[in-house]
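Asks: Sequence plus predicted model, see below.
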Amino acid sequence: MTANLLPLLLMVPALLLLGVVFLWPWAHYSWLSIHASSLLTGLRAIPNGGANWQRLVQDGRFWQDAFQTLRFAGVSVALELGLGLLTALILHRPSKGRGVLRALVLIPWALPGTVMALGWRWILNDPHGPLNALLQALGGGTYPFLASPATTWWFVVLADVWKTTPFVAIILLAGLQSIPRDLEEALRLEGAGVWSIFRRLQLPLLTPYLGLALLFRLAQAFGVFDLIQILTGGGPAGSTESLASYAYLQAIRFLDFGYSATLMLATFLILLTLSLLWLGGMRWSGVRR
Amino acid sequence: MSSLTSRRRVLQWMLATVPTSSILSAQLARASPSVSAAVAAETVRILMPAPLADATAPAVRLFNRRHSETQIAVTRGPLDTETLSDLASSSLLLGDSPFDLILMDVSWTARYVAAGWLQPLEPLLGQDALAGLVPAAKLGNSFGGHLWRMPLSGDTGLLYWRSDLMPRPPANTSELVAMARELQAQGKVRWGYVWQGRQYEGLSCVMLEVLHAFGGQWWDGQAGRTDLTSPGAVEAAQWLVNLVRTGVSPPGVANFAENDALQLFSSGQVAFLRNWPYAWQLIQEENGPVTGRIGVTPMVGAPGHPGGGTLGTWGLSLLAGSPRPQAAVQAIRWLTGPEVQRELVLSQGYAPTWASLYEDEELKTAHPLLEVQYEGLRTPLVRPLTPLYAQISDVLQRQMNALLTSNLSPEAALERAQRQSDLIVRAAGAGVVP
Amino acid sequence: MMRLLLLCWSLFPLLWQLRTSFLVGDALVGEGGGSPWTLQNYRLVLEGDPSLGRVLLNSAILGLVTTALTLMLAVPCAYGLHQLKGRWQPAISMGLVGAALFPTVLFFLSLLQLARWFGLANHLLALTLPYAGLSLPLAILLLRAAIHDLPPDLEDAARLDGLNPLQRLRWIVTPLLAPAMASTGLLVFLASWNEYPIALTWLSRSDRLTLPAAMGRIASSSVYAIPYGPYAAATVLGSLPLLLVVLIFQRWIISGLTQGAVKG
């Protein structure tokens, strides 16, 4: 114990701040979620038993948003992994100016989400944006990219994929570069083609990197907020609203803190369940291998 | 409480001692001379939506020149009503709001009063503060026996029509559609009627008018719940969605806010427009294809029903924590007073709230729209006066926008809106309000 | 060929914003004659309220202070974690991984409450507290991995020379960590520069806004014209500093990211 005293002391300041930022909110939300704290109580917290949770179960909008959030996270992360893998393979091939290319490709990831969400709003503008100009030049009519409940979420996915594919690509590139060159060479001498090298050597060794990128991106995509807020505001007809933007709306616009906290706890629980399932799955597949 | 204040003090002290912060504040002070010059005097800080901040800028400058000990500093907030309210809300939730006054939309009043964020104005302005106003402008300012807001504009929704294409405006909704389709058939306009169909507060304003036009209502004040499943309401929703489905309105109207609708109308491709009074002034100044070719009329009803326009007034409210109520009231008096409103009529086309201005012969000649605005104010439609308004309006916007962009039936959309609104009204008080 | 495609995909939206930012409003909606090119959009956002220059300055100061604070807390913590014996170490490491993955937007309501209690609203530098807190898990993990990679003999030699752990941290470990601190610091800076929900709820005075929070407000003034020209100018000016950071420091940023992947 004495041996651990100094290390623990060194950690205290950071752990304190971490506790305030990461742990206290859950205590606060748990407490709020069993209170009514809204306009009808003059923003004071009054215990209301499980009324918030009852409301959550009946609230079709919560379930719709949960579905939409999952759909967004699943589809965009799948696309990001696919495109990220492709990008990593392209960047992995030795060539002149690879460093510059890598830096240029990384740019979308580094830019603020809010800034580029505005950019996409213009690109997808109906009828003046460049995409609609292109459609018209091709002889078609304009398309309401951001105003059709059935398809708008795809364009939110597009903007997210554009921004975060570089991140996935860089992680996977690190994985590719950790594979010893001689292994690749040996396979090539055996007469294996690009595809065969990829399937037999690179893909299996990349699995942990893919797993990590997947978990990180899924968790982040599940909390999607900036993009939705600026690009669509949750519309049209609520078809792109995410759980985080609903919780934000309940707190800041509707001033219902009890219910907002309940929504955030529920989001957290869904995310936790998913992560545990994923970890279990990883372990299971690890055991099998 | 004292421990709270001391904690706060310690932290603020720590922040103040960080060297960069003092450098930064020194820089900030140098960068904005107007702020530092006003430090000696009492500065009333007002949050306004950007267009109104621009519109009142000359009046604010005049005030600041005339008064040495009281100055007005305006913060330009976002244009969109609800985004502006979000900003105001977060600043109020944080305590120590950096504003003394907020220019509020009429639909916020109940919410802000329920949150305890406002100070009653009648002790400062007097019991008869609203006495000289046109009756419609008095609505939505008082709540629970107190005056919370002093209106600056008396806008209502109006119907714009093309005087070069028709001899007179339509008398009712059926005529409106018939005239629009005829003009479309003749190839004189591409579209018949544009309005605000995006999922935002503007759609609620449109819907309130259409509901009224067909004898329905949104909110049953007696029962304290929404009333969206009446036959009139279904007819209203049917009429609105048919505009899109039959091609009288473009499909894009489901993503239109005021500017989008106005832009299309002023390009000359549309016969009718639903908008606020300010649009008239913009079209007059623009010198575009429809300048000088438009007429304006109050919103029409269905045959046999009266029409009416949604009351969309802006007004100043005093925040509860303001340390300078007297100076703030001085600013309210000036900015909502007849002199400034007169200027706003001439420069922006906003409808005034003072009855006397509607009798001002000089003003009537300079601004012919005044008479129509006065008429519009005779049948004002007030959005539901409940603290839960933001929530039920959000529900209606979502369901109506879904109706406009899908092949849902109006009954189904309204039924869903009614059910969700009921849930909100019930759940908001669950476990607390018996 | 594939490379070209990749570049187009990555850069097209940015280049389009660049083009848009130099166009007059009429040209954007396909009307009007005369020269469509203008610098007006830039003038508008730079002279607007809040001025974009001020906003960028705010973001830069906030980012730098956040980075410094994060490193000041993370380096000792990572060293302590490295020295820690027994069951605590894996438990704390797991917790940090979980925290690093977590979507931080979900904390905004509690952080708002904290800002209210402690009167932190509209203090630009107060934001460094939540920002540093949210960046800590990743920073600690990255730095611990770097400490783990240091040659053990160095510390052993220092121990034999009679240096206590604090002295070893100060004189041996910290200097050797400089490259890892640089790449960690860059990631922290980027995160702070880009953070939106907390800035949105903590800042309401327009002279205190950071870039993400200002994006929603700048150029939203016009009722009539579509303000995409000024928007584009703001996105270009807001992207430029980051572009430079990425191009100059790309090696470190990438090593930071990949360290996280390899060790995490």
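Replies: Structure received.
Asks: Which strand or helix spans residue A:278?
Replies: helix A:257-288 (DSSP states H and E).
Asks: I'd like to know if that helix reaches chain C anywhere along the stretch.
Replies: Yes: interface with chain C: helix A:257-288 contributes A:257, A:260-261, A:264, A:267-268, A:271, A:275 (C-beta under 8 Å from any C-beta of the partner chain). Every C-beta, even on glycine, is put in place using the N, C-alpha and C of the backbone.
Asks: Now do the SS call for the residue nearest to residue B:428 when sequence neighbours are not counted.
Replies: Once flanking residues are discounted, residue B:428 sits nearest to residue A:40: 5.2 Å by C-beta to C-beta, 6 or more residues apart in numbering or on different chains. Following DSSP: H, G, I helix; E, B strand; the rest coil, the label given to residue A:40 is helix.
Asks: Please look at residue A:40 and residue B:424 and confirm they touch.
Replies: No: taking contacts as C-beta atoms under 8 Å, residue A:40 lies outside contact range of residue B:424: 10.8 Å.
Asks: From the structure, what's the count of residues near residue 241?
Replies: Just going to use chain A. 23 (other C-beta atoms under 10 Å in any protein chain shown).
Asks: wait, chain B
Replies: Applying other C-beta under 10 Å, I find that residue B:241 has 23 neighbouring residues.
Asks: distance of it from residue B:253?
Replies: Distance, residue B:241 to residue B:253, using C-beta to C-beta, to the nearest Å: 11 Å.
Asks: hang on, the earlier thing: nearest to chain C, of the residues of helix A:257-288 next to chain C?
Replies: residue A:264 (4.9 Å; C-beta to the nearest C-beta).
Asks: Tell me how far that closest one lies from residue C:213.
Replies: Residue A:264 is 21 Å from residue C:213, by C-beta to C-beta.
Asks: who wins for neighbours among the residues of helix A:257-288 next to chain C?
Replies: residue A:264 leads the residues of helix A:257-288 next to chain C on contacts (other C-beta under 10 Å) with 29 neighbours.
Asks: which residues are in contact with both of residue A:40 and residue B:424?
Replies: Applying C-beta atoms under 8 Å, 6 or more residues apart in numbering or on different chains, one finds that residue A:40 and residue B:424 are jointly contacted by residue B:388.
Asks: Assess the claim that residue B:311 and residue B:153 are in contact.
Replies: No: at 10.3 Å, residue B:311 does not count as touching residue B:153 under the criterion of C-beta under 8 Å.
Asks: In the helix holding residue A:278, which residues are buried?
Replies: By neighbour count on 16 or more other C-beta atoms under 10 Å in any protein chain shown, the buried set for helix A:257-288 is A:257-268, A:271, A:274-275, A:282.
Asks: In a helix, residue A:234, correct?
Replies: No: counting by three-state DSSP, one finds residue A:234 to be coil, located in no helix.
Asks: ok so, going back, what's the per-residue pLDDT of the residue nearest to residue B:428 here?
Replies: Looking at residue A:40, its pLDDT reads 86.
Asks: who touches residue B:371 in this structure?
Replies: Counting by C-beta under 8 Å, 6+ apart, the residues that residue B:371 touches are residue B:364.
Asks: Leaving out sequence neighbours, find the closest residue to residue 246.
Replies: No chain was given, so I picked chain A. With C-beta to C-beta, 6+ apart, the residue lying closest to residue A:246 is residue A:65, at 4.9 Å.
Asks: other chain: chain C
Replies: Nearest to residue C:246 is residue A:110, by C-beta to C-beta, 6+ apart, at 4.8 Å.
Asks: So which of residue A:40 and residue B:424 has more stuff around it?
Replies: The residue with more neighbours, out of residue A:40 and residue B:424, is residue B:424; 23 against 19, by other C-beta under 10 Å.
Asks: Residue B:387 versus the more buried one, what's the distance?
Replies: 11 Å.
Asks: now residue C:43
Replies: For residue C:43, the distance to residue B:387 - C-beta to C-beta - is 43 Å.
Asks: who has more neighbours, the two?
Replies: Neighbours per residue (other C-beta under 10 Å) separate residue C:43 from residue B:387, with residue B:387 holding more: 21 against 12.
Asks: and whichever strand or helix holds residue A:215, which residues are buried?
Replies: Per DSSP H and E: residue A:215 is located in helix A:203-222. Neighbour-count burial for helix A:203-222, with 16+ other C-beta under 10 Å as criterion, is recorded at A:206, A:209-222.
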